[in-house]
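A.B. asks: Give the three-dimensional model of this entry:
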Amino acid sequence: MMSRRQLTISVSSVALVVATGMLLLLLWQLRSLVLTVMIAVVVAAALAPLVDLAERLRIPRWLGVVLVYLSLIAGIAGLALLIGPTVATQTQRLLARLPFYLEQLQLLVDTWIADLAGVDPAALDYLNQLLDPQSLMSWAVRSGQRVLVQSFDFTRGLLGGLLTMVLTLFISGYMLVSGSDLVRGLVELFPYPWNERLAEQVHPMAQRMGGYIQGRVLVSAILGVMITVSLRFLGLSEFALALGVIAGFTNLIPFIGPVLGSLPALVVAIVQGGWTFLWVLILYVAVQNLETYVLDPLLVGSSVRVKPLYQLLAVLGGTQLLGIVGAVIAPPWVAGMAVLLENLYLKPKQEAEVRARLYARATEAAGSLALPGMDPADASSPEPSFSSRPNDSSNEPEGLPQKESLSPADPVAGRSPY
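C.D. replies: The predicted model follows:
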């Protein structure tokens, strides 16, 4: 009997490992679809507040989703028609003059190295190789091409990218309309009580993921406008709008994006003269500090609640795996997973530790109050009286933190993009 039971456990374990491996292999084969679903989840989480607002105005939810998407598409199209031609013209002019700017930058570097005549010639050669703008630009172009290939590899070309965009909008819209039914069917695959626990986490996860994207887009728009207006006053009006748009788009990528967005403006400014370069450098440093210490904590940090180091690792990992797309969608997914870690592991762990400390104090107090001649073990044997009813908190020890309510009475009925 014992050997048969051990054989049964062994076969089930092997079957579980094989099933997990097959599932991972299937997900790898369907990685393009998985990535599309991940993007759709982030988009749905970001647009959920607008859909909820439309529903509070007594607009049917499906109609609210349609109106939100049509308004979003119309706004993007109108903005593209308004500033698109100017941005395209300035960008083409900037690319056409880029070789001239690099030559001027090379002359400045050579002049600076020539001023170091008293330095060791070997060190001068090393500095000349290290500060070669042509080599740096070639490296930057190769790195950018690699990132772009990773970003659009899953779309398989322009047509694939358009189809992926349409599919993303369709999936996210369906999530916004019928998300509750989808979540209910998904969590029922898990045993009790994990199905209820997971259902309670859907709404806070959606709030945190959507809050990150909303804050990131708002911060990028503010900084893009500020940089465009400031560059006009600093004498770079010829490329101000294009440089502001570049800075706004790159700022969607945390940590790395602002640095990448400042490089084109600094290359243009250093050719204009020392004072122009200095003022442009001060501008980007001031904007970066404004974002780091004011806008991000106010508009993004309050919703993400993830350590900056973890956000940086998420950006680097997402960039390495999926390029620019991964750098944008990895941080909100990390923020969403942080909700599960906090509510399903950290908070129960802290509550268990508090109960253990209270029980230890009660046992110690009971032992110290034992009568002379009484065995302390007999005095401390009764455990503290806790209510056996899960919803009765009247008998819980004082100081025990109450369980935070994360969702309405019906865990799936709360408003969320799912």
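A.B. asks: for the residue nearest to the spatial centre of the chain, phi and psi?
C.D. replies: Residue closest to the average C-alpha location in the chain (C-alpha atoms, centre = their mean): Pro331, at 1.9 Å. Dihedral angles of Pro331 (phi, psi; degrees, to the nearest 10) stand at phi -60, psi -40.
A.B. asks: Which pLDDT does the model give it?
C.D. replies: The per-residue pLDDT reported for Pro331 equals 84.
A.B. asks: Report the separation between the closest residue in space to it that isn't next to it in sequence and Leu26.
C.D. replies: Counting by C-beta to C-beta, 6 or more residues apart in numbering, Pro331 lies nearest to Ala314, which is 4.9 Å off, once chain neighbours are set aside. C-betas here are computed from N, CA, C, even on glycine. Ala314 is 25 Å from Leu26, where distance means C-beta to C-beta, to the nearest Å.
A.B. asks: In terms of neighbours, single out the busier of the two.
C.D. replies: Ala314 (22 against 11; other C-beta atoms under 10 Å).
A.B. asks: Identify the residues contacting that one.
C.D. replies: Neighbour list for Ala314: Val306, Ala330, Pro331, Trp333, Val334 [criterion: C-beta atoms under 8 Å, 6 or more residues apart in numbering].
A.B. asks: Closest to Thr86 out of those?
C.D. replies: Pro331 (31.2 Å; C-beta to C-beta).
A.B. asks: Mind giving me the packing neighbours of the helix or strand encompassing Pro99?
C.D. replies: Using DSSP states H and E, Pro99 sits in helix 61-114. Packed against helix 61-114 by the contact rule (3 or more C-beta pairs under 8 Å, 6 or more residues apart in numbering; DSSP states H and E) you find helix 31-56, helix 121-130, helix 133-152, helix 158-187, helix 240-250, helix 256-272.
A.B. asks: remind me which residues of the stretch 301-418 of the chain are low pLDDT?
C.D. replies: Within the stretch 301-418 of the chain, the segments meeting pLDDT under 70 span 301-306, 369-418.
A.B. asks: quick one, helices of it?
C.D. replies: 302-304, 308-322, 324-341, 347-368, 376-379 (DSSP state H, counting those that start in this stretch).
A.B. asks: before we move on, back to that, out of the helices and strands packed on helix 61-114, deepest packed?
C.D. replies: helix 240-250 (a mean of 22; mean count of other C-beta atoms under 10 Å).
A.B. asks: Put the alpha carbons of it into PDB.
C.D. replies: Extracted in PDB, the C-alpha atoms of helix 240-250 (Å, rounded to 0.1, in the frame of the first residue of the first chain):
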ATOM      1  CA  ALA A 240      12.000  73.100 -31.200                       C
ATOM      2  CA  LEU A 241       8.800  71.200 -32.000                       C
ATOM      3  CA  ALA A 242      10.600  68.100 -33.300                       C
ATOM      4  CA  LEU A 243      13.000  68.000 -30.300                       C
ATOM      5  CA  GLY A 244      10.000  68.500 -27.900                       C
ATOM      6  CA  VAL A 245       8.100  65.600 -29.500                       C
ATOM      7  CA  ILE A 246      11.200  63.400 -29.400                       C
ATOM      8  CA  ALA A 247      11.700  64.200 -25.700                       C
ATOM      9  CA  GLY A 248       8.000  63.500 -25.000                       C
ATOM     10  CA  PHE A 249       8.000  60.100 -26.700                       C
ATOM     11  CA  THR A 250      11.300  59.000 -25.200                       C
END
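A.B. asks: got the angle for that helix vs helix 256-272?
C.D. replies: Angle, helix 240-250 to helix 256-272, by axes from the mean of the first three to the mean of the last three C-alpha atoms, to 10 degrees: 160 degrees.
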